[in-house]
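Visitor: sequence first, then the predicted structure, then my questions.
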Amino acid sequence: MDREMSERMIKVCRGLIKMLELTFQGFRKPAEKSIREAEEVRKEVQDASSDLTLFLVTQSSSPDKGKEWVKPYLTIISSFDRMGYNIDGILDRLKKMVQDRIFFTDRAIKEVNDMFQETTDLLGNLPDLILTRNRLLAQEMGVKGKKARKMADGYSDEHEQRLIEGVCVPKASPLYLDILVSLKGIVVHTLEIGDKIIHLSAKT
């Protein structure tokens, strides 16, 4: 992976990190301002992703390189884009909470906070992995990712039990579960990118 490719990928990744952090702020202190700021960063992320795609397509037209080498990178861009869609989904849920004045229980707030923190920490490691292609870092991310996915599944199960017992508010339930699913999706795509980076580095 050449330097320019790495820098362009890191630019997209850092935009997603910023967007997720702003979304996290919007959850901790629900306000339309934080949501708008995250949506503004989303446009920057989309532009950076489009630029990266165009760069790849241009590079793939080179007779020296051929076309097959570009496919793994397009898969990485697809994972970046799907992370963005997951964050979009969280923002939509936050807007719904603000507009309809829907509140989570203290327990649900803590669980979503924990999941946000795990996801943000994991995604925050990705620029370093793209830059260094360090296998040990990739393994550590794999462990963190497994923990985060297990956490999301456990929280979902516990929430359903609380809903049955009447502790949780029914109208808040789908929003809570959707946020957990979206955060879990970000974790999955982060790990997919990490695996692809390590696989590509092994071939060079």
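Guide: Great, that's in hand. Numbering: from 1, shown residues only.
Visitor: quick check: next helix or strand after the helix or strand hosting residue 75?
Guide: Here residue 75 sits within helix 71-100, counting by DSSP states H and E. Later in the chain than helix 71-100, the nearest helix or strand by DSSP H and E is helix 106-124.
Visitor: figure out how far the helix or strand just after that next one is from the centre of its chain.
Guide: Note on helix 106-124: by DSSP H and E, the next helix or strand toward the C-terminus is helix 126-132. Put simply, helix 126-132 sits 15 Å off its chain's centre (Cα atoms, centre = their mean, to the nearest Å).
Visitor: now stretch 179-187
Guide: 7 Å.
Visitor: any buried residues in the helix-or-strand element of the chain with minimal mean pLDDT, and which?
Guide: The least trusted helix or strand in the chain, going by mean pLDDT, DSSP states H and E, turns out to be helix 32-60, with a mean of 88. For helix 32-60, a neighbour-count test (16 or more other Cβ atoms under 10 Å) marks 34-35, 37-39, 41-42, 45, 48-49, 52-53, 56, 59-60 as buried. Backbone N, C-alpha and C define where each C-beta goes, glycine included.
Visitor: same check, this time on stretch 133-152
Guide: Quick answer for stretch 133-152 (16+ other Cβ under 10 Å): 133, 134, 137, 138, 141, 144, 145, 148, 149, 151, 152.
Visitor: so the fourth one, which state does it fall into?
Guide: What DSSP: H, G, I helix; E, B strand; the rest coil gives for residue 138 is helix.
Visitor: thinking again about what came up before, and the angle for the least confident helix or strand of the chain with helix 71-100?
Guide: 170 degrees (axes from the mean of the first three to the mean of the last three Cα atoms, to 10 degrees).
Visitor: tell me the helices and strands packed up against helix 32-60.
Guide: With contacts taken as 3 or more Cβ pairs under 8 Å, 6 or more residues apart in numbering; DSSP states H and E, helix 32-60 sits against helix 3-28, helix 71-100.
Visitor: any regions of this structure where pLDDT drops low?
Guide: Counting by pLDDT under 70, the chain has low-confidence residues at 1, 61-67, 203-204.
Visitor: try it again with 90
Guide: Within the chain, the segments meeting pLDDT under 90 span 1-5, 26, 28-36, 39, 55-73, 98-99, 103, 105, 157-172, 199-204.
Visitor: before we move on, the earlier item: orientation of the least confident helix or strand of the chain relative to helix 3-28 in degrees?
Guide: Using the same axes, to 10 degrees: helix 32-60 against helix 3-28 is 160 degrees.
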